[in-house]
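Q: Just a sequence and a predicted model for now, questions to come.
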Amino acid sequence: MNTPIVSTTQLSFQYPNSAPIEFPDIYIEKGQHTLLLGDSGSGKTTLLNILGGLSRPETGQVNIYGQNLSLLSTSKLDQFRSQYIGFIFQEAHLLKNLTLVENIKLAQSLSGKKVDVSTIELILKQLQLDQKSNAYPNELSRGQLQRAAIARSIINKPALLIADEPTAALDDNNTHRVLELLLSIAETAGSTLLITTHDKRIKEQFSKMYLLK
Ligand SMILES: Nc1ncnc2c1ncn2[C@@H]1O[C@H](COP(=O)(O)OP(=O)(O)OP(=O)(O)O)[C@@H](O)[C@H]1O
């Protein structure tokens with residue numbers, strides 16, 4: 001049997017002075033692009049943060065690509081994350097004093113990999129950003145910034161690619177385009193995509209779905 005990309009058991013999380021949030025067990029195999037669907041406040045972002053090792057659960061266990069995250073020290077967890085997990089945040093979070101290509105080179109070198117300019121060029125071309133590689137973040141449009149965030153998240157070919165509400169505030173046409181782009185770029189990199197949404201329009205393209213209540 002292949003090692004699952006994500007496998008969790010009995011996860012829960014508790015914010016101070018709040019009732020605990022309990023999550024369904026998640027099991028995702030390679031290539032099973034997955035949707036986390038739930039209303040506002042149901043815990044989607046909280047769960048993504050736990051799966052990505054950005055916060056530790058109150059109870060339960062997370063395994064990413066066979067690694068139990070709770071067994072890793074904070075510094076080992078940082079290293080593991082940069083090698084195996086890509087995040088696409090709603091804000092691009094690029095360093096403003098570096099050009100687009102420099103930002104992506106940095107993401108590559110932080111994961112311990114050698115900078116590989118030909119891979120960077122290929123990904124920028126696939127995302128129609130090749131004309132903008134020497135532009136600074138404040139010289140990019142919002143759509144270009146969103147694609148830049150995608151380029152940076154995928155550069156290390158992460159086993160798991162996580163996106164929190166990537167289609168929030170997009171109309172039907174753009175929702176469709178961004179999803180197609182994410183799915184095709186995940187396929188090319190061999191990454192398994194996990195996205196959250198409260199947008200019930202986008203169920204079709206995903207092979208797996210979890211509903212948070
Ligand atoms: N830092 C925090 N302190 C206390 N409670 C929090 C904190 N962050 C989130 N919560 C609460 O935890 C619950 C889950 O929040 P979360 O952001 O995970 O939901 P979500 O499903 O991602 O929502 P949305 O779709 O609106 O982004 C909510 O009730 C929220 O109010």
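A: Perfect, thanks for sending it.
Q: Show me which parts of stretch 99-110 are buried, residue by residue.
A: Across stretch 99-110, burial judged by 16 or more other C-beta atoms under 10 Å covers 99-101, 103-108. From N, CA and C alone the C-beta is placed, and that goes for glycine too.
Q: what sits up against it?
A: Stretch 99-110 has contacts (C-beta atoms under 8 Å, 6 or more residues apart in numbering) with 82, 94-95, 98, 114-117, 119-120, 123-124, 129, 132-137, 140, 148, 151-152, 155-156.
Q: redo that, cut-off 7 Å
A: By C-beta atoms under 7 Å, 6 or more residues apart in numbering, the residues outside stretch 99-110 that reach it are 82, 94-95, 98, 115-116, 120, 129, 132-136, 148, 151-152, 155-156.
Q: Just the buried residues of those residues.
A: Buried, going by 16+ other C-beta under 10 Å: 82, 94, 120, 129, 132-133, 136, 148, 151-152, 155-156, out of the contacts of stretch 99-110.
Q: which ones among the contacts of stretch 99-110 are found in helices?
A: Among those, the ones falling in helices (DSSP state H) are 82, 120, 148, 151-152.
Q: Those residues of this structure touching the ligand, which are they?
A: 15, 18, 38, 40-46, 198 (C-beta under 6 Å from any ligand atom).
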